[in-house]
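Colleague: sequence below, structure please.
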Amino acid sequence: MRKLRQSSHIIGLIVVGLFAMAVFGGQRAQAATLDDGIYVVPTKIIKANSTATSTANQFFGDYAAVRIKGDQTTVLLTSNGAQYIKSMTVAGQKAPLVKTVNGQAIYQVNLTKQASPLPATFTLTTPVGSMKESARLAVTWAKAEKADTSTNTADLLKQATALTETAASSTSAVSVPKSTTATTTTATSTAKSTKATPTAQYWKYQVLKADTMTLSDANQYYTHMAKVMPVQTGYQVTLTVSYAKSLKLGPKAVVPKTIDGVAVPASHVTYGESGQNYTMTYWFDRQHTSELTAKLIPGKIHVTVPAMNISETFPIRFRFAASGSADKATAAAVTALPTTTNKQSSGRSNDSATTPTIHRTAKATLPATGEAINSWAIWGLIGLSVSGSWLAWEAKRYAQN
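Modeller: Purely as a prediction, here's the structure:
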């Protein structure tokens, strides 16, 4: 009888154990990780000690591009505050800057599991000194949407680039976060009482020929809206070039060479894609926004057209509107660009000194998308890409070597 009771006890333990395994095993199955592929996942920066939104959240997009590949999870965060973020760590690991696209920075976070929230630390450089902000990265894995079955790095970057376009179009004023644990290295009584609220502005512009007040054919490939961002040294002015992939010019057909006589460093240039177009952005510095309208700003771009065997550097000039605006719609509503005289300045390249009072628009020969075909008889090449026609014309007119 005693042995029977012992046997019943053992069987009972086994049954309880199997039941527990079924219950907890089922819970684990419900919390299974995502399959391999590329996802778009909602993200948010929250405070270190609560679920409230952190002031650092304004620097980041609402979504991240995520790649799941086996046990490795790669998260690409988009940010409009690269000029303030000196360094960033997430889950104890440094999050490096991968690239900058459309004025937005892309940071990489590597994870071994899909956890949330993740501790994060930001070292910031602000107009009032260095600051260190503690927060957490909240990733809503339950709302992840699969964008691609691929796990290629190129496809992951493509997805992140698409997110930067959305973030850039909705960028609003960014204020420097304040933290109770922040340490200021350049604190003064004046600086402590000053609220730094750097705001991005948008300025309308045109691209003119180097020797006449008419539009350059290059004007059709610039987006006509510059992003002007306050930085510690003044203002960072970002220009964007966009042309159709169907032109078969390649992703780096346009290379900026100089702005106002100063060479454009490679670190100031970013190449990317946007739908059916290749894009190229580059930036230059100004101490004051008034310098944008003080004179026409000369520049040079190098353009390559393989089909025409052309590889030339062409001079152009930028003509900015009288004022900018915090939003693109208002900036684009500027009815006319001001007449501007090109005054010589030391250390800058020379340009024509006068500007006609009446602005004459050059006859457009190339569509902005580059899809139409130019039929200039001088080249005798009907059916070539429109970009080839443009550059062949420019080469004949401006080639200096």
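Colleague: roughly how far apart are residue 96 and residue 82?
Modeller: The gap separating residue 96 from residue 82 is 12 Å, by C-beta to C-beta, to the nearest Å. For glycine as for every other residue, the C-beta is placed from the backbone atoms N, C-alpha and C.
Colleague: what sits against residue 208?
Modeller: Shown in contact with residue 208 (C-beta atoms under 8 Å, 6 or more residues apart in numbering): 214, 215, 216, 219, 296, 316, 317, 318, 319.
Colleague: among those, pick out the one closest to residue 258, please.
Modeller: Within those, proximity to residue 258 (C-beta to C-beta) peaks at residue 316, which comes in at 10.2 Å.
Colleague: enumerate every residue touching that closest one.
Modeller: Residue 316 touches 207, 208, 209, 210, 216, 218, 298, 299, 300, 301, counting by C-beta under 8 Å, 6+ apart.
Colleague: can you tell me the closest non-neighbouring residue to the third one?
Modeller: Nearest residue to residue 209, sequence neighbours excluded (C-beta to C-beta, 6 or more residues apart in numbering): residue 216, at 4.7 Å.
Colleague: check which helices and strands whichever strand or helix holds residue 270 sits against.
Modeller: Using DSSP states H and E, residue 270 falls within strand 269-274. For strand 269-274, the packing partners by 3 or more C-beta pairs under 8 Å, 6 or more residues apart in numbering; DSSP states H and E come out as strand 97-101, helix 153-169, strand 277-286.
Colleague: deepest of the ones you listed, which one?
Modeller: Mean neighbour count (mean count of other C-beta atoms under 10 Å) peaks for strand 277-286 among the helices and strands packed on strand 269-274, with a mean of 20.
Colleague: need the contact partners of that one.
Modeller: So strand 277-286 is contacted by 100-103, 231, 233-245, 249-256, 259-260, 262, 264, 268-273, 292, 369 (C-beta under 8 Å, 6+ apart).
Colleague: out of these, list just those in strands.
Modeller: Using DSSP state E, the subset of the contacts of strand 277-286 located in strands is 100-101, 231, 234-244, 254-256, 259, 262, 269-273.
Colleague: which of those residues count as buried?
Modeller: The neighbour-count test (16 or more other C-beta atoms under 10 Å) marks 100-101, 235-244, 254-256, 259, 269-273 as buried among those.
Colleague: still on that earlier bit, tell me the angle of the strand holding residue 270 relative to strand 234-244?
Modeller: Interaxial angle of strand 269-274 relative to strand 234-244 (axes from the mean of the first three to the mean of the last three C-alpha atoms, to 10 degrees): 40 degrees.
Colleague: quick check: mean pLDDT across strand 269-274?
Modeller: Strand 269-274 comes out with an average pLDDT of 92.
Colleague: strand partners (parallel or antiparallel) of that strand?
Modeller: Sheet pairing of strand 269-274 (DSSP bridges) gives strand 277-286 (antiparallel).
Colleague: just the CA atoms of the partner strand, as CSV, please.
Modeller: C-alpha atoms of strand 277-286 as CSV (Å, rounded to 0.1, in the frame of the first residue of the first chain):
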residue,chain,number,x,y,z
ASN,A,277,15.8,59.0,-58.9
TYR,A,278,19.4,59.1,-57.8
THR,A,279,20.1,61.8,-55.2
MET,A,280,23.2,63.8,-54.1
THR,A,281,23.3,66.2,-51.2
TYR,A,282,26.1,68.4,-50.1
TRP,A,283,26.5,71.3,-47.6
PHE,A,284,28.6,74.4,-47.0
ASP,A,285,28.9,76.8,-44.1
ARG,A,286,27.9,80.4,-43.7
